[in-house]
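[1] I would like to see how this sequence folds:
(one chain, ligands or ions: 1)
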Amino acid sequence: MKTVKFIIVALLVTTLRTNSFAQMHDHSKMDMSKTSADSKMDMASTKTETIKVWGNCEGCQKRIEKAAKIDGVSKASWDKDSKLLTLVYDPSKVKSDDIQKKIAAVGHDTEKFKADDKAYTKLPGCCQYERKK
Ligand SMILES: [Cu+2]
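    You can find the predicted model right below:
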């Protein structure tokens with residue numbers, strides 16, 4: 001009788017262990033699928049926008065892109081020929097206006113905001129683009 005009891009207990013313990021391992025596996029699978037679902041949601045919630053930003057040269061490009069890359073902005077790329085800034089950002093974290101204000105603060109006019117006068121006059125000569133009225 002003792003042996004039979006021992007076997008039953010041993011079987012129970014083994015079964016319980018297997019179950020808990022299986023559960024752990026399930027949890028990790030669940031977490032992984034949740035993470036990938038979340039990143040898919042992030043992809044879906046980004047917005048791409050092109051705005052005009054006044055400037056002249058490569059120095060302007062660096063300044064504009066640096067100023068635009070605030071929290072929530074995943075891409076900022078300005079073209080000195082077309083004067084167009086392509087932004088990819090998360091509209092739940094940051095607004096286009098906020099990004100444009102940052103660019104205006106470093107001395108560059110945008111579609112919506114006029115550059116800070118002091119910042120503009122401090123720009124290197126090559127960067128002093130013709131300002132809009
Ligand atoms: Cu410049």
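[2] the protein against the ion: which residues are in contact?
    Within reach of the ion by CB under 5 Å from the ion, the chain has these residues: Asn56, Cys57, Gly59, Cys60, Cys127. For glycine as for every other residue, the C-beta is placed from the backbone atoms N, C-alpha and C.
[3] helices - which of those land there?
    If you go by DSSP state H, those have Gly59, Cys60 in helices.
[4] redo the residues of the chain next to the ion as a markdown table? Include neighbour count.
    Conversion of these to a markdown table gives the following (neighbours: other CB atoms under 10 Å):
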| residue | neighbour count |
| --- | --- |
| Asn56 | 18 |
| Cys57 | 13 |
| Gly59 | 14 |
| Cys60 | 24 |
| Cys127 | 17 |
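[5] would you check which pair of the residues of the chain next to the ion lies furthest apart?
    Asn56 and Gly59 (8.0 Å; CB to CB).
[6] now do the domain split for this structure, please.
    1-44, 46-127 (automatic domain parsing).
[7] mean pLDDT lowest where, among these?
    Among the domains of the chain, domain 1-44 carries the lowest mean pLDDT, a mean of 52.
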